[in-house]
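Colleague: Just the structure for this:
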Amino acid sequence: MASLFSLSRVYRFVKDGVPQITDFPDEAPSGVNDLEVRTKHFTEIENFTFLGYVLAHECGGTEKPIASFVNLEVPDKEFQALVTKALAMPVNDEQLGDTLLDVGINWEHFVAANNDKMIPSNPLKVTDTVLQEKIDSLDLISEALVREVNLRAKARFHGK
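Modeller: Predicted structure coming up:
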């Protein structure tokens, strides 16, 4: 259910008796200027990350591989190496949530700390292409981790 004020387009909801986190929106949020759009964007990153973290901790499951990382490719080589390494490291649900929080906070900070590099009229992108690859990689990894949390929540709360 969206919050009372619905300031963010990401939220927790219940489907078929199972708590889930919405997908992260592909399009930019609305705003009267580029900085407002960018600020809303990194606020949604923070909300997305935290909601996934909380749900992962509620699941409380045992160690298993991160299935959502299979075939995940990200543009930054450093982050791709971490994804590849993580494929061989089963994690319990709390570790999954902690990993999501770590990655998501990095994503949010990479976005929030670089307003000076924002591309006018395209406020979700920065002029530094190497930095943009890192931001895009953290985005893709965070979304994959939330998909994993949602899958584990389905298994935990449906007993499948």
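Colleague: The residue nearest the centre of the chain is in what secondary structure piece?
Modeller: Nearest residue to the geometric centre of the chain (CA atoms, centre = their mean): Ser142, 3.1 Å. Here Ser142 sits within helix 129-158, counting by DSSP states H and E.
Colleague: Packing partners of that helix?
Modeller: If you count contacts as 3 or more CB pairs under 8 Å, 6 or more residues apart in numbering; DSSP states H and E, helix 129-158 packs onto strand 18-21, helix 34-59, helix 77-87, helix 93-112, strand 122-126. C-beta here means a position set from N, CA and C on the backbone, and glycine is covered the same way.
Colleague: How about the contacts made by Phe24?
Modeller: 10, 44-45, 48, 139, 142-143, 146 (CB atoms under 8 Å, 6 or more residues apart in numbering).
Colleague: so how far is Ala28 from Asp128?
Modeller: Relative to Ala28, Asp128 is positioned 19 Å away (CB to CB, to the nearest Å).
Colleague: out of the two, which sits in the more crowded spot?
Modeller: Ala28 (15 against 12; other CB atoms under 10 Å).
Colleague: thinking the more buried one is in contact with Thr39, fair?
Modeller: No. Assessed by CB atoms under 8 Å, Ala28 is found out of contact with Thr39, at 11.4 Å.
Colleague: So for stretch 55-71, first residue to last residue, what's the gap.
Modeller: 24 Å (CA to CA, to the nearest Å).
Colleague: now what about that stretch, what contacts it?
Modeller: Under CB under 8 Å, 6+ apart, the answer for stretch 55-71 is 12, 19-21, 83, 86-87, 89-97, 100, 144-145, 147-153, 155-157.
Colleague: show me where pLDDT drops low in this structure?
Modeller: Counting by pLDDT under 70, the chain contains low-confidence residues at 1, 159-160.
Colleague: So what angle separates the directions of the helix holding Ser142 and helix 93-112?
Modeller: Interaxial angle of helix 129-158 relative to helix 93-112 (axes from the mean of the first three to the mean of the last three CA atoms, to 10 degrees): 150 degrees.
Colleague: Just give me how far helix 129-158 sits from the chain centre.
Modeller: 5 Å (CA atoms, centre = their mean, to the nearest Å).
Colleague: Over to stretch 50-61?
Modeller: For stretch 50-61, the distance to the chain centre is 13 Å (CA atoms, centre = their mean).
Colleague: That'll do, ta.
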